[in-house]
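Novice: with the sequence up front, the predicted model follows.
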Number of protein chains: 2
Amino acid sequence: MSECVVGVDIGATKVAAGLVDETGGLRGALTVPTPEMGGEAVLKAVFDLLHYLAARAQRHAIHIRGIGVGTAGQVDAEQGIVRSATANLREWSQVPLAERIGQATRLPVRVDNDGNAALLAEVWAGAAKGHGDAVGLTIGTGIGGGVVTGGRILHGAWGGAAELGHLCVNFRGPRCTCGSTGCVEAYASGHGLVERLQERLAAQPADVSPVAREYLSSHGLDGVTTAMVFQWAEAGDALARETLDDALAALAHAVVSLIHTFNPTVVVVGGGVVAANPAFVSQLAARVRGLGMSSLVQPVPIVPAQLGARAGVIGAASLIWWQCGG
Amino acid sequence: MSECVVGVDIGATKVAAGLVDETGGLRGALTVPTPEMGGEAVLKAVFDLLHYLAARAQRHAIHIRGIGVGTAGQVDAEQGIVRSATANLREWSQVPLAERIGQATRLPVRVDNDGNAALLAEVWAGAAKGHGDAVGLTIGTGIGGGVVTGGRILHGAWGGAAELGHLCVNFRGPRCTCGSTGCVEAYASGHGLVERLQERLAAQPADVSPVAREYLSSHGLDGVTTAMVFQWAEAGDALARETLDDALAALAHAVVSLIHTFNPTVVVVGGGVVAANPAFVSQLAARVRGLGMSSLVQPVPIVPAQLGARAGVIGAASLIWWQCGG
């Protein structure tokens, strides 16, 4: 009889789960949209996924060793409690996730932040394999972070650490959703890219290119998407190019700040925005090269995440398999 | 017979040493200017201080348990080697400090970065007493940093971590000595304050106040000092006020970034600039309050360092007494 851990990845848009073996291999995974009602509805979706995977494991004579959960929001990993939700996940604070899932399944449960889980997956079985000092950025709608330092996940006092999307890169910059100013997320996340381009399109109508103008005439400013920023920049739109250029500069300076702060041996950059634009990470790496304290910055490879959307589930499972988060 | 540890603090301008008891009490300390020749001359100064303190200890029947050293530059704390010096300390890289001092004294020696040592002192016996998650900033000519997370000093892969003066707060900002752009040190260190005020004085001659104009007429732009930035701001000089205001905004955003990154329970701010301007830390704390993720930022007190110039020596000694840096 073989053994697996169930990894669960709870994000603002989807909940994913799968069986993960002891090498980080994913044996079947499934994904459902995150229930918009939040709270109990999300828990219900998790239990449905666990139920399905338990049946599947039984059919294949796989013993389930435990359940690892990575979730959006700030997590007290020691207690297994979601402390504070992201704005995108309703009624998801002060949720005693480990207790609820443990009671229902009678299995060991560990919970951590999804940014931490994604980095752990890369350290375990991906782009940062074997690194004891690694920094991870996940660039999607927002920007999530994770840090492994001296072989341990950085949690801080109660699990709120590694909110790396909210590193300030311009104290005179645009307001961020977090209440601060000029966070890297406000420039380089999917949401930030769209907002910064919308600002430019509104402020500099004379500079809007024909391709953008045509799209806007039927869809309006609200129709701008992250993909469009990249497509229009590719097509030569000056405002989209400025927006992307700013995002790369902001990200490069955030990465250099992180290298100055953590002295890591690798920086892993993943997430939906990166997956959709493969050149992004090498452009970022080229910018980082020219900046900061060379003894710290020069030796550090800036690499794309390897595990893609699977990282969340694999990293969540690693919380049980690897327990480096202890 | 009582026991002490010798703490040694090697900075760009002075070398200090003293006997430190097991409660963090400092029994006699002395300071010499850092030899400008660097390297062997600095080591010679350290040995002279150790020699003096050994004689003093013998006279008072104090047993010396070991020697802790905090030094400017990036330190491999595990090996006790200075890896990379600051620009202000000549021939001070690849120095096997623990080995050299250990061979000469036959005592246990531990070495760490001076920013780490200063924070350890505050955690041991000062403003951050008892905190296992603390961030420290030392604002002098430059800005040094230290981080204790989960009860351990943050070292990174080879001791280069916590270069917190080189967090970027404006990717479109002024060049920093480190090779990056808009580091907090370029705005809020003694050196940064002077440079930013000099730029304003040169660029906006019409806005120079009478008090500044009179001083500059005899001393020139090169005569501007850090103290003057504060004095002129106090006297109503608009350019000095702008410079200080920018420094506080830059520091506040750096502190918020650090709280987002480390989820600490306290932030300690010390150094010569703070010691000379006691209102600075409360002004900074007031700015931090309004920024960032409230669940992380609101609960964290921003406090002035308590141990002043003694922190370096006391923290260095704590490396032996407390060994939390392990």
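Specialist: All right, it came through fine.
Novice: and the residue nearest the centre of chain A, its phi and psi?
Specialist: Geometric centre of chain A, nearest residue: A:T138, 3.4 Å, by C-alpha atoms, centre = their mean. The phi/psi pair for A:T138 (degrees, to the nearest 10) reads phi -120, psi 110.
Novice: and it, what does it touch?
Specialist: By C-beta atoms under 8 Å, 6 or more residues apart in numbering or on different chains, A:T138 lies in contact with A:D114, A:G115, A:A118, A:G144, A:G145, A:G146, A:G270, A:G271, A:A305. Every residue, glycine included, has its C-beta placed from N, CA and C.
Novice: excluding chain neighbours, what is closest to the fifth one?
Specialist: If you skip the residues right next to it in sequence, A:G145 has A:L164 as its closest partner in space, 2.6 Å away by C-beta to C-beta, 6 or more residues apart in numbering or on different chains.
Novice: with the fourth one instead?
Specialist: Beyond its immediate neighbours in the sequence, the residue positioned closest to A:G144 (C-beta to C-beta, 6+ apart) is A:G115, lying 3.5 Å away.
Novice: ditto for the third one
Specialist: Counting by C-beta to C-beta, 6+ apart, A:A118 lies nearest to A:A311, which is 4.3 Å off, once chain neighbours are set aside.
Novice: same thing with the last one?
Specialist: Distance criterion C-beta to C-beta, 6+ apart; nearest residue to A:A305, sequence neighbours excluded, is A:G270 at 2.6 Å.
Novice: residues near the one you found, how many?
Specialist: A:G270 is flanked by 28 other residues according to other C-beta atoms under 10 Å in any protein chain shown.
Novice: quick one on the thing from earlier: tell me how far the host helix or strand of the residue nearest to A:A118 lies from the chain's centre.
Specialist: Using DSSP states H and E, the element containing A:A311 is helix A:311-321. Mean-position distance between helix A:311-321 and its chain equals 14 Å (C-alpha atoms, centre = their mean, to the nearest Å).
Novice: again, but for stretch A:145-159
Specialist: Distance, centroid of stretch A:145-159 to centroid of chain: 15 Å (C-alpha atoms, centre = their mean).
Novice: tell me the mean pLDDT for it?
Specialist: Average pLDDT, stretch A:145-159: 95.
Novice: give me the buried positions along that stretch.
Specialist: Of all the residues in stretch A:145-159, those buried under the rule 16 or more other C-beta atoms under 10 Å in any protein chain shown are A:145-150, A:153-159.
Novice: residues in contact with A:R100?
Specialist: Taking C-beta under 8 Å, 6+ apart, we find A:R100 in contact with A:L43.
Novice: ok but it is inside a strand, no?
Specialist: No. A:R100 is assigned helix when assessed by DSSP: H, G, I helix; E, B strand; the rest coil, not a strand.
Novice: sorry, back to before: run a quick neighbour tally on the residue nearest to A:A118.
Specialist: A:A311 has 31 nearby residues by other C-beta under 10 Å.
Novice: distance of it relative to chain B?
Specialist: 21 Å (C-beta to the nearest C-beta, to the nearest Å).
Novice: how confident was the prediction at that residue?
Specialist: At A:A311, pLDDT is 93.
Novice: next: A:C324.
Specialist: If you check A:C324, the pLDDT there is 43.
Novice: A:I67 too?
Specialist: The score at A:I67 is 98. That number is its pLDDT.
Novice: on that earlier part again, now secondary structure and distance to B:E242 too, for the contacts of A:T138, in a markdown table please.
Specialist: A markdown table is the format used below for the contacts of A:T138 (DSSP: H, G, I helix; E, B strand; the rest coil; distance: C-beta to C-beta, whole Å):
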| residue | secondary structure | distance to B:E242 |
| --- | --- | --- |
| A:D114 | helix | 42 |
| A:G115 | helix | 37 |
| A:A118 | helix | 42 |
| A:G144 | strand | 36 |
| A:G145 | strand | 33 |
| A:G146 | strand | 38 |
| A:G270 | strand | 41 |
| A:G271 | coil | 39 |
| A:A305 | coil | 43 |
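Novice: all strands for the stretch 1-150 of chain A, in order.
Specialist: For the stretch 1-150 of chain A, the strands defined by DSSP state E, counting those that start in this stretch cover A:2-10, A:14-20, A:26-33, A:62-71, A:74-76, A:81-84, A:109-113, A:134-139, A:143-149.
Novice: now do A:R65: how many residues are near it, please.
Specialist: By the measure other C-beta under 10 Å, the count of residues near A:R65 is 17.
Novice: so it is in contact with A:C4, correct?
Specialist: Yes. A:R65 is within contact range of A:C4, at 6.9 Å (criterion: C-beta atoms under 8 Å).
Novice: got the contact list for the residue nearest to A:A118?
Specialist: A:A117, A:A118, A:A121, A:E122, A:G126, A:G270, A:A305.
Novice: show me which of the buried residues of stretch A:145-159 is closest to A:S218.
Specialist: A:G145 (37.3 Å; C-beta to C-beta).
Novice: how near is A:G28 to chain B?
Specialist: A:G28 is 35 Å from chain B, by C-beta to the nearest C-beta.
Novice: ditto for A:I101
Specialist: With C-beta to the nearest C-beta as the criterion, A:I101 and chain B are 23 Å apart.
Novice: so how many other residues sit close to that residue?
Specialist: For A:I101, the tally of surrounding residues (other C-beta under 10 Å) stands at 23.
Novice: could you do A:T31 as well?
Specialist: Count around A:T31 with other C-beta under 10 Å applied: 16.
Novice: what's across from A:A134 in the sheet?
Specialist: A:V148, A:V266 (DSSP bridges).
Novice: and the stretch 101-250 of chain A, which residues reach chain B?
Specialist: A:132-133, A:147, A:149-150, A:152, A:154-164, A:166-172, A:178-182, A:249-250 (C-beta under 8 Å from any C-beta of the partner chain).
Novice: just the ones of these in helices?
Specialist: Residues of those located in helices (DSSP state H): A:A249, A:A250.
Novice: mind listing which of the residues of the stretch 101-250 of chain A next to chain B are in strands?
Specialist: Applying DSSP state E to those, the entries found in strands are A:V147, A:T149, A:R152.
Novice: ok, A:T23 to A:E3 distance?
Specialist: Distance from A:T23 to A:E3, counting by C-beta to C-beta, to the nearest Å: 11 Å.
Novice: likewise for A:V95?
Specialist: 28 Å.
Novice: where does chain A have low pLDDT?
Specialist: Scanning chain A with the threshold set as pLDDT under 70 gives A:323-326.
Novice: quick one on the thing from earlier: neighbour-wise, which of A:V95 and A:E3 wins?
Specialist: Remark: of A:V95 and A:E3, A:V95 carries more neighbours, 25 against 14, as counted by other C-beta under 10 Å.
Novice: residue contacts, the more buried one?
Specialist: Applying C-beta under 8 Å, 6+ apart, we find A:V95 in contact with A:G39, A:L43, A:I81, A:V82.
Novice: which one (most neighbours) among those?
Specialist: A:V82 (26 neighbours).
Novice: distance-wise, check the residue nearest to A:A305 relative to A:A128.
Specialist: Applying C-beta to C-beta to A:G270 and A:A128 gives a distance of 10 Å.
Novice: what is in contact with the two at once?
Specialist: A:E122, A:G136.
Novice: related to what we said a few turns ago, which among the buried residues of stretch A:145-159 gets closest to chain B?
Specialist: Nearest to chain B among the buried residues of stretch A:145-159: A:G156, at 2.5 Å, using C-beta to the nearest C-beta.
Novice: for the closest one, give me its contacts.
Specialist: Contact analysis of A:G156 by C-beta under 8 Å, 6+ apart lists A:A162, B:D133, B:T149, B:F262, B:N263, B:P264.
Novice: then A:A250?
Specialist: A:V169, A:N170, A:V184, A:Y187, A:A188, B:F171.
Novice: and A:V15, how far from A:T31?
Specialist: Taking C-beta to C-beta as the measure, A:V15 falls 7 Å from A:T31.
Novice: next one: A:E78
Specialist: A:E78 is 28 Å from A:T31, where distance means C-beta to C-beta.
Novice: same question, A:V184
Specialist: 28 Å.
Novice: most remote residue from chain A's center?
Specialist: Outermost in chain A, C-alpha atoms, centre = their mean: A:A206 at 36.2 Å.
Novice: much appreciated, bye for now.
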